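> Sequence and predicted model, in that order:
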Amino acid sequence: MPAPGEGTIDCKLIAGRLYQTISSAYPLKIISPKAVANSPIPNDSDDSQQRQKPLEPAVGYILSYGGGIVHGDQINVRAQVGSGCALILLTQGSTKVYRHRANRPPSYLNNPTNDAKLDIEQSYQTVDISVGPNGLLCLLPDPVTCFKDALYNQRQIVRLADASSSVVLLDWMTSGRMSRGERWEFAKYFSVNVVELGGRVIVRDALILEKGGLVRLRDVDAFAFLLVLGPAGKEVAGEFLKEQREMRIRAFRKRENIVWSVSEVDEFGVAGVAVRVAGPTTEDVREWIKCRLALLQNVVGDSAWSMYFHSS
């Protein structure tokens with residue numbers, strides 16, 4: 001039985017069939033609709049029209065009973081992605097982080113099984129996922145939206161088994177509840193993304209935004225960090241690098257109201273790209289990201305990809 005706020009996902013192939021086990025405890029909920037792998041997809045770049053078989057897809061939605069992350073919540077999600085599997089982790093709508101309420105931690109933290117040594121005056125979410133050989137993780141949540149005075153901490157850790165493992169990781173946020181006139185009025189947003197291979201760090205990216213310095217972002221309402229690593233994301237990463245070479249006059253590119261930059265990653269035999277994106281609206285950034293990731297449909301299949309495409 002998981003502790004309050006904890007969830008686990010385990011997907012693996014047994015005798016060629018996908019098996020998935022899920023557990024979660026209040027205030028966290030994880031659901032898994034069934035996705036079907038496509039028949040093999042032709043590779044247009046191959047003159048012989050050799051057909052490429054998509055990975056076996058598993059889909060999970062990370063939800064919250066409170067409609068978001070309440071002040072003091074401590075959410076922990078752990079997952080195992082087996083060899084030959086593609087785990088697509090999504091959310092149903094933006095992750096809302098509610099405002100700080102002094103001296104009012106959630107009651108479930110009084111549970112003696114919750115021994116996390118965290119500041120109960122802040123909110124936390126940790127996602128820790130191991131990816132097996134020839135496996136793929138697509139961590140593609142909707143953006144985090146912090147309410148006024150919210151204090152939020154997030155860690156996303158991916159552990160690759162070897163150079164055949166792949167990950168597509170998205171970490172993005174909005175300026176706040178714009179319909180309520182809240183733009184960059186949260187107290188703290190701290191996010192760390194780490195990818196490891198055999199205990200060696202390939203990528204570590206951290207972002208901290210705090211009240212007082214947010215005025216610099218007044219022309220931006222959505223900011224994203226996108227990481228594409230491994231053989232399953234080779235085509236997507238290649239398109240980014242191709243456009244970088246074609247537009248190498250400046251480090252930052254601007255197209256369709258989007259400002260973006262790309263950095264090449266090549267560590268310990270794992271190659272890919274790290275991309276940073278900023279835009280004037282959430283929808284602009286969302287459509288830009290989904291368009292750029294469209295080639296993943298060839299890897300995970302139409303059924304799983306349509307769940308991401310229609311998740312917002």
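Sure, I can see it.

> Mind naming the longest helix for this protein?
Ranked by residue count, the top helix of the chain under DSSP state H comes out as helix 234-246.

> Output the contacting helices and strands for that one.
strand 222-229, strand 258-267, strand 270-279, helix 282-292 (3 or more C-beta pairs under 8 Å, 6 or more residues apart in numbering; DSSP states H and E). The way it works is simple: take the backbone N, C-alpha and C, and place the C-beta from them, glycine included.

> what about 6 Å?
strand 270-279 (3 or more C-beta pairs under 6 Å, 6 or more residues apart in numbering; DSSP states H and E).

> Which strands or helices does the strand it packs on pack on?
Other elements packing on strand 270-279 under the criterion 3+ C-beta pairs under 6 Å, 6+ apart are strand 222-229, helix 234-246, strand 258-267.

> any idea how far residue 12 is from residue 133?
The gap separating residue 133 from residue 12 is 12 Å, by C-beta to C-beta, to the nearest Å.

> Run through the helices of the chain in chain order.
Using DSSP H, helices in the chain cover 234-246, 282-292, 297-300, 302-309.

> Residue ranges in the stretch 1-150 of the chain under the pLDDT threshold?
Where the stretch 1-150 of the chain drops to pLDDT under 70, the residues are 36-54, 103-118.

> swap the cut-off to 90 and go again
Low-confidence segments of the stretch 1-150 of the chain (pLDDT under 90): 1-4, 15-17, 33-56, 64-68, 70-73, 92-94, 99-122.

> one step back: name the residues of the longest helix of the chain that are buried.
If you call a residue buried by 16 or more other C-beta atoms under 10 Å, then helix 234-246 has these buried ones: 234-237, 239-240, 244.

> My read is that residue 56 contacts residue 18, right?
Yes - between residue 56 and residue 18 there is a contact at 4.5 Å, judged by C-beta atoms under 6 Å.

> circling back to that earlier point, and the helices and strands packed on strand 270-279: which comes nearest residue 90?
Evaluated over the helices and strands packed on strand 270-279, closeness to residue 90 peaks at strand 222-229, with 15.1 Å, by C-beta to C-beta.

> who does that closest one touch, helix- and strand-wise?
By 3+ C-beta pairs under 6 Å, 6+ apart, strand 222-229 packs against strand 166-174, strand 270-279, helix 282-292.

> all strands of the stretch 1-150 of the chain, in order?
When assigned using DSSP state E, counting those that start in this stretch, the strands of the stretch 1-150 of the chain occupy the ranges 6-14, 17-24, 28-31, 41-42, 51-52, 56-64, 74-81, 85-90, 95-97, 123-131, 136-139, 144-146.

> Of these, give the one that comes closest to residue 272.
Comparing those by C-beta to C-beta, strand 136-139 comes nearest, at 12.1 Å.

> which other helices and strands contact the closest one?
Judged by 3+ C-beta pairs under 6 Å, 6+ apart, strand 136-139 is in contact with strand 85-90, strand 166-174.

> now residue 189: how far from residue 120?
Going from residue 189 to residue 120 by C-beta to C-beta gives 18 Å.

> quick one, which of the two is more surrounded?
residue 189 (23 against 18; other C-beta atoms under 10 Å).
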